[in-house]
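Chemist: model the structure of this input:
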Amino acid sequence: MQIINRIIVFFIFAFCFTALAADRKIVVDSVYVQSGRLYADFHITNLLDDKTIEGLQKGFTSKIEHQLRLWKISKLVSSIESEKTLDVIVMYDNWEKKYAIFKENEKRLTTKIERLRKQCSQVSGFPLSDVSELDESSKFYISIQSTFQPMSDEAYNELRNWISKKP
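Modeler: Numbers count the residues shown, from 1 in each chain. Next up, the predicted model:
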């Protein structure tokens, strides 16, 4: 539990295209230890604006990639202790007349725009590292980079085929 006191939170917010407004930012809600693992909860303010949602309804498929890094602070050069990525794919399903949200091993459908915004911009319980693997005498910081990008039809079809495969 002492390791949580040694973590400094640092944010990086990047997007692949500049059409997005400057009022978007990453907010870390909490960093905590549970069952011997270090977790982070965060959200992005104003991630999906009305123009983006309109684009989804017109057939655009988009990907939101959240990349978290846990860095160990040193005097010369900080080193990466852990690096994890979470991909969120979002699209509008014209047959179902619902928004589809794909995260790791789950698919969610919703007609509610506010639920869509929350599912795409809020990340809870993101595992960073086992606490036992971290040096208690060291200091750490977290960097978060979130990238929003439209996907090509080819990339989406590859993803759809990959998701539909049975283990």
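Chemist: helices of the chain, start to end?
Modeler: 50-57, 113-121, 153-164 (DSSP state H).
Chemist: least confident of these, on average?
Modeler: Set side by side, the helices of the chain give their lowest mean pLDDT on helix 153-164, at a mean of 63.
Chemist: so where is this protein shaky, pLDDT-wise?
Modeler: 1-22, 151-167 (pLDDT under 70).
Chemist: okay, strands next: where are they in this protein?
Modeler: Assigned by DSSP state E, the strands in the chain fall at 7-9, 26-34, 37-44, 61-72, 79-93, 98-103, 106-110, 122-130, 140-151.
Chemist: redo those as TSV? Include mean neighbour count and distance to residue 51.
Modeler: C-beta: built from backbone N, CA, C; applies to glycine. Below are the strands of the chain laid out as TSV (neighbours: other CB atoms under 10 Å; distance: least, CB to CB, whole Å):
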stretch	mean neighbour count	distance to residue 51
strand 7-9	16	30
strand 26-34	15	21
strand 37-44	19	16
strand 61-72	19	12
strand 79-93	16	14
strand 98-103	18	15
strand 106-110	12	19
strand 122-130	16	21
strand 140-151	18	12
